[in-house]
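**Student:** next comes the sequence, and after it the predicted model I'd like to discuss.
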Amino acid sequence: MKTQPGPGLPGPGLPQPGLHVAMPADLPADSYGRRMVEALRAAGTGMTVHALPGPHPQVDPSAILAADIALARLPDGATVLLDGNALFNLAASLPADHRRLRLSALVERLHWSDPALAADEAAVRRNLEQGALSLMRRIVVPEGAVAEAVRALGVRPDRLVLAAADGEGAAALLAALSME
C-alpha cells in the first residue's frame, strides 16, 4: 500500500517548502547577503541557512568540497539563494545542480573586477562568475550599477531583480521567486 503525504507535506517529486540560503560562514553582519536574510526573516519567510566554510571569495579546495556537499544534500526542486561571495567555490557544482534546484544569486558586487587582481586572475574570475551567473534563474542585486555590471556579462535583464536589503526588497525578491 502506498502512503500519501500528510497535510502540508509535499508528495514525491514536488518541491520542498521554504527557502535554502547558501552563504559563506564568515560573511560580515553588514554584508548584502546577511542583511537580505534578515529582511526575508522579518517578512516571515521560512528558510534554512547553510553556512559554507572556507575562504570566500577565494577559490579553495576545501570550500569547493563543502559547497558540493551542501548542494548535493538539498532536495530536488528546492529554491536556493546563493550568496555571490560563494559563487567561485560553487562554480564546479552548479552545472550538475542547476537543473534539479531552483538557483538564484544574491550579488552585492562582481569580484572579477577587483582592481587588485592581476589581469590573468581577473580573466579567470570573470569566466567563473559569468558561467555561474548564467545558470541562475534570478540574480538579485542591491543597486542599478551592479545590475549594469551583471548585464554586461550577458545576463538577460528579465532575470535581474533589483532589491535593497529591506522589507520592500524582500517583497520584490519573494515575488520574483514565486514567478518561477
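**Tutor:** All right, it came through fine.

**Student:** contacts, neighbours, all on C-alpha from now
**Tutor:** OK.

**Student:** which secondary structure elements does the lengthiest helix in the chain contact?
**Tutor:** Counting residues, the longest helix found in the chain (DSSP state H) is helix 119-134. Packing partners of helix 119-134 (3 or more Cα pairs under 8 Å, 6 or more residues apart in numbering; DSSP states H and E): helix 87-90.

**Student:** and the helix it packs on, how far from the chain's centre?
**Tutor:** 10 Å (Cα atoms, centre = their mean, to the nearest Å).

**Student:** contacts for that helix next, please.
**Tutor:** Residues outside helix 87-90 that contact it (Cα atoms under 8 Å, 6 or more residues apart in numbering) are 56-61, 63-64, 67-68, 125, 128-129, 132.

**Student:** dump the residue contacts of the residue nearest the centre of the chain.
**Tutor:** When Cα atoms, centre = their mean is applied to the chain, the residue found nearest the centroid is Leu82 (1.8 Å). Applying Cα under 8 Å, 6+ apart to Leu82 gives the contacts Val21, Ala22, Met23, Leu103, Ser104, Ala105, Leu106.

**Student:** what pairs with the last one across the strands?
**Tutor:** Legend: beta-bridge partners of Leu106 under DSSP bridges are Asp83, Val140.

**Student:** that one contacts Val141, correct?
**Tutor:** Yes - in this structure, Leu106 is within contact of Val141 by Cα atoms under 8 Å, at 6.2 Å.

**Student:** circling back to that earlier point, which of the contacts of Leu82 lies closest to Leu94?
**Tutor:** Nearest to Leu94 out of the contacts of Leu82 is Leu103 (Cα to Cα; 8.8 Å).

**Student:** Leu177 is in what secondary structure piece?
**Tutor:** Under the criterion of DSSP states H and E, Leu177 resides in helix 167-178.

**Student:** let me see the ranges of the helices in the protein.
**Tutor:** Taking DSSP H as the test, the helices found in the chain are 32-42, 61-72, 87-90, 94-97, 119-134, 144-151, 167-178.

**Student:** and the last one, which residues are buried?
**Tutor:** Okay, so that is helix 167-178. For helix 167-178, a neighbour-count test (16 or more other Cα atoms under 10 Å) marks Gly167, Gly169, Ala170, Ala171, Ala172, Leu173, Ala176, Leu177 as buried.

**Student:** skip the chain neighbours and tell me the closest residue to the third one.
**Tutor:** Spelled out, that is Ala170. Excluding its sequence neighbours, the residue lying closest to Ala170 (Cα to Cα, 6 or more residues apart in numbering) is Leu40, at 5.3 Å.
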